[in-house]
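Engineer: Predicted model and sequence below, questions to follow.
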Amino acid sequence: MKGRQEEVGMKKRTRASSARLFAGTLVFVGGLWTSSFVGTALVQSAFTSPAGASVTSVKICGVEGRVTAFGILRGSVRNPTTFSFPKSVYVNNATSSRSVARALCALPEPSAGVLNCPSDQGPNYTLTFVAPGYQMTKVVVDPTGCGTVTGMTTDRTVSRSPGFWPILGAAMKIKGATNETFRGREKS
């Protein structure tokens, strides 16, 4: 009987915890403990597997059609810079989230050989995707320097893909987004 009461209590905590992510905490979501990104965001249910079920840890390409939402977190900036959007944004729209995931998977791999890149003074962005039944590897996009994208099956680059930024911006409800939007504007 005690085991059944614990199971019922666990289900109640799971439902309550899956409704909201709290900044900088571990949250129990659908049978998994997962770390949240900075900022508070509503979540449908990040993972739908029952408690104790195994969850596959995957990279975004191959499951991009199953993505239901994503969070984006801007990293630190080395110079005084302003941005037209908050440091963390949560997109809870499956169509927009899948568009961003597909755009990431369509990015080219960096050129082979020695790369000479401009100065990397801007922030990077960590994208955390939600796909029911999967624990997703975080993707890090750097809009400055070589424009590297890591956390995918193979590293990619955004330096030769200006079309990526409008897709990401549209998902975040930023009109006319370009690479400069994500680099930020230096304070004068």
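Structural biologist: Structure received.

Engineer: Could you use CA atoms for every contact and neighbour count after this?
Structural biologist: Fine.

Engineer: can you give me the helices for this structure?
Structural biologist: 2-18, 94-106, 164-171, 179-183 (DSSP state H).

Engineer: Can you give me every residue that contacts P143?
Structural biologist: By C-alpha atoms under 8 Å, 6 or more residues apart in numbering, the residues touching P143 are 122-124, 158-159, 179, 182-183.

Engineer: What count of nearby residues applies to K138?
Structural biologist: K138 has 18 neighbours, counted by other C-alpha atoms under 10 Å.

Engineer: Could you do the one 3 residues further on as well?
Structural biologist: Other residues near V141 number 22, with proximity taken as other C-alpha under 10 Å.

Engineer: same thing with G71?
Structural biologist: Neighbour count for G71, taken as other C-alpha under 10 Å: 23.

Engineer: Without its sequence neighbours, what residue ends up closest to it?
Structural biologist: Leaving aside its chain neighbours, G71 sits nearest to Y90 (4.3 Å; criterion: C-alpha to C-alpha, 6 or more residues apart in numbering).

Engineer: And T68, by the same measure?
Structural biologist: Per C-alpha to C-alpha, 6+ apart, closest to T68 is A94, 4.0 Å.

Engineer: can you check W165 too?
Structural biologist: Here the residue nearest W165, using C-alpha to C-alpha, 6+ apart, is T178, at 5.1 Å.

Engineer: looking at it, that neighbour is touching A170, isn't it?
Structural biologist: No. Look at T178 against A170 with C-alpha atoms under 8 Å: they stay out of range, at 10.4 Å.

Engineer: When the two are compared, which one has more neighbours?
Structural biologist: T178 (18 against 15).

Engineer: What is the end-to-end distance of stretch 165-178?
Structural biologist: End-to-end distance for stretch 165-178: 5 Å, by C-alpha to C-alpha, to the nearest Å.

Engineer: correction: stretch 148-155
Structural biologist: Using C-alpha to C-alpha, one end of stretch 148-155 lies 7 Å from the other.

Engineer: and if you look at stretch 136-151?
Structural biologist: Start-to-end span of stretch 136-151 (C-alpha to C-alpha) is 10 Å.

Engineer: Count residues in the vicinity of the nearest residue to F129 once chain neighbours are set aside, would you?
Structural biologist: Nearest non-adjacent residue to F129, counting by C-alpha to C-alpha, 6+ apart: F70, 4.2 Å away. Other residues near F70 come to 25 when the count uses other C-alpha under 10 Å.

Engineer: A103 too?
Structural biologist: Counted with other C-alpha under 10 Å, A103 comes out at 17.
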